[in-house]
Structures are given as structure tokens and as C-alpha cells.
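Q: Got a predicted model here, sequence first, then my questions.
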Amino acid sequence: MRLTAITWPRLTEALADRIAALKPLDGGPWPRVALDGAPAARPDAPAQALAEALRALGRPALRVSAHTYWRPASIRYEHGRRDPDAYYDTWLDTGALWREVFGPLGPGGSGRVLPSLWDPGTDRATRAAYEELPPGGVLLLDGAFLQGHGFPLDLTVHIRLSPAALERRTPPEERWTMPAFARYEAEMRPERTADILVHTDDPNRPAWTGDGPDR
């Protein structure tokens, strides 16, 4: 797998150009893009930069962060507050994402998306208002463990850290999650299944696999 050094601004520009040209695989009017990565890899940052770049190109973009679709604490912590298997298997409310995000953005959908559902900090519903994403608008879903759920994604970008870098950049109080990310690597092989791979061991010097042909 050949990686090429690139700057973050150039990466944002290249990804925005590719996304602007995407045609949804199911024929619907809304391209759906995932920026998949551990919290330490900061997939939220390129997602926000991409949203701004797409809007500059005249393409509406809506960010949805996966952690705002976590289940309530009573479910997340059923097996304790630091269970890596629960973190991997059950924290993300995939059913709610299908209902409130992917369903409305499928063929014949309304385009009416709930940008967030649950605030894990307060353990309460966010009470966010629904947003209308017009045809041609782009969904940008960022967060961890986004592959393997069958989500109808038209482009997946995996923001990867090596195991050593992941441990180094994960705060000590969150290192209990490390086995979950090791399991994700072993079971899903996200660096191979993603359309685009971005290595960020050095956060100031990313490298990527390039913007090859669409699937």
C-alpha cells in the first residue's frame, strides 16, 4: 500500500473535489461520506474542514458525529464503565442512525435528518431540531467504528493511527478503550476496506493513499 505525504489543506481540497463529484451508489440524491477513526485520530477535524470546503464549492453539507448517537449511559455501562467490548459492540445506536440519518437520505427519502440525538456528557437527549438536506447535499458522518454496520456509504475515509501512536495520543483515562480498537483492526481491517486511508501518526504530516477511481 503506497502512501503519499500531503498537507491537511491539500487533503481537504482533494477530498472535497472527489466528494463533489460522487454519485450515490443507490441512485439517491444525497452522497453519504464517513470519516472513520478513533477519537485520538480526530476525525471530527477533517470532517469540519470538509463541510466548509464543500459549502465553498456550492454543495450543502451536514455533519453528524457518531458520539451524539451513543446509547444512554444505562445501556452503555450495563457491564461497567470501562468494558471495551461494550464500547465496541453496543455504545453506538446504529438503529437510531438508520432511522434518523440513513433512512431519510436514501432513495425516496425526505432529506430531513436529525443531526444529533444524545449528549453523552449530560446523558440527555440533545433536543436538536431536524435539518433539511437538499438534494445534492452531502452527509459527513465522523467517529469511531463506522465500518461493518452495512451503512449505505458512498465514500469511506479511514483516519488511522498505528497502535503505538494511538496509545501515545489517547489520554490515560481513556486507554481502557485500546482493546476495542485492536479488535476493530483485527475484525474489520478498516485500513483495507476504506476507500481512502489517511495515516496521521504525525498529526502535522499526514500521508494518504490518494484519490483513486471511485468504487
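A: Nice, thanks for sending it over.

Q: end-to-end on stretch 130-138?
A: Using C-alpha to C-alpha, to the nearest Å, the span of stretch 130-138 from its first residue to its last is 16 Å.

Q: next one: it to chain centre, how far?
A: When distances are taken as C-alpha atoms, centre = their mean, to the nearest Å, stretch 130-138 is centred 18 Å away from the chain's centroid.

Q: now the strands: where do they sit in the chain?
A: 4-5, 32-36, 61-65, 112-113, 118-119, 124-125, 131-132, 138-143, 155-160, 196-199, 207-208 (DSSP state E).

Q: Output those in JSON lines, with mean neighbour count and mean pLDDT appended to each entry.
A: Every C-beta, even on glycine, is put in place using the N, C-alpha and C of the backbone. Shown next, in JSON lines, are the strands of the chain (neighbours: other C-beta atoms under 10 Å; pLDDT from 0 to 100):
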{"stretch": "strand 4-5", "mean neighbour count": "10", "mean pLDDT": "96"}
{"stretch": "strand 32-36", "mean neighbour count": "26", "mean pLDDT": "98"}
{"stretch": "strand 61-65", "mean neighbour count": "21", "mean pLDDT": "98"}
{"stretch": "strand 112-113", "mean neighbour count": "18", "mean pLDDT": "98"}
{"stretch": "strand 118-119", "mean neighbour count": "18", "mean pLDDT": "98"}
{"stretch": "strand 124-125", "mean neighbour count": "10", "mean pLDDT": "97"}
{"stretch": "strand 131-132", "mean neighbour count": "13", "mean pLDDT": "98"}
{"stretch": "strand 138-143", "mean neighbour count": "24", "mean pLDDT": "98"}
{"stretch": "strand 155-160", "mean neighbour count": "25", "mean pLDDT": "98"}
{"stretch": "strand 196-199", "mean neighbour count": "21", "mean pLDDT": "97"}
{"stretch": "strand 207-208", "mean neighbour count": "20", "mean pLDDT": "97"}
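
Q: nearest to E185, of those?
A: strand 155-160 (8.8 Å; C-beta to C-beta).
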